[in-house]
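Trainee: need a structure here:
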Amino acid sequence: MYVERIVRIIAGTFVLLSLTLAHVHSPKWLWFTAFVGLNLFQSGFTQFCPLFTILEKLGVPRFPKDACPR
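Mentor: You can find the predicted model right below:
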């Protein structure tokens, strides 16, 4: 798997988890949903995502070897 795919999977999981917790436990969990959404929004403009940086430092490849820009 590559960084872009993992970031999308984790972001989607966080959104679904926080919505479930807001429904079951407390509506304050919606702040976490808003945080994830704002992070995705700003990363679309700035190309900066903290999770992206963390995954790259952990050694997750950014691109498939065939599609790597030279």
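
Trainee: Which parts of the chain are helices?
Mentor: Assignment of helices within the chain using DSSP state H yields the ranges 3-24, 30-46, 50-57.

Trainee: Would you tell me which of those helices gets closest to Phe63?
Mentor: In terms of Cβ to Cβ, the element of the helices of the chain nearest to Phe63 is helix 3-24, at 8.4 Å. Backbone N, C-alpha and C define where each C-beta goes, glycine included.

Trainee: just to revisit the earlier point, would a markdown table of the helices of the chain with mean neighbour count and mean pLDDT be doable?
Mentor: Output for the helices of the chain, formatted as a markdown table (neighbours: other Cβ atoms under 10 Å; pLDDT from 0 to 100):
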| stretch | mean neighbour count | mean pLDDT |
| --- | --- | --- |
| helix 3-24 | 14 | 93 |
| helix 30-46 | 13 | 93 |
| helix 50-57 | 13 | 90 |
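
Trainee: now these as a markdown table including distance to Pro64?
Mentor: Below are the helices of the chain laid out as a markdown table (distance: least, Cβ to Cβ, whole Å):
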| stretch | distance to Pro64 |
| --- | --- |
| helix 3-24 | 11 |
| helix 30-46 | 21 |
| helix 50-57 | 15 |
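
Trainee: wouldn't Ser43 be in contact with Thr53 here?
Mentor: No. Counting by Cβ atoms under 8 Å, Ser43 does not reach Thr53; the two are 10.7 Å apart.
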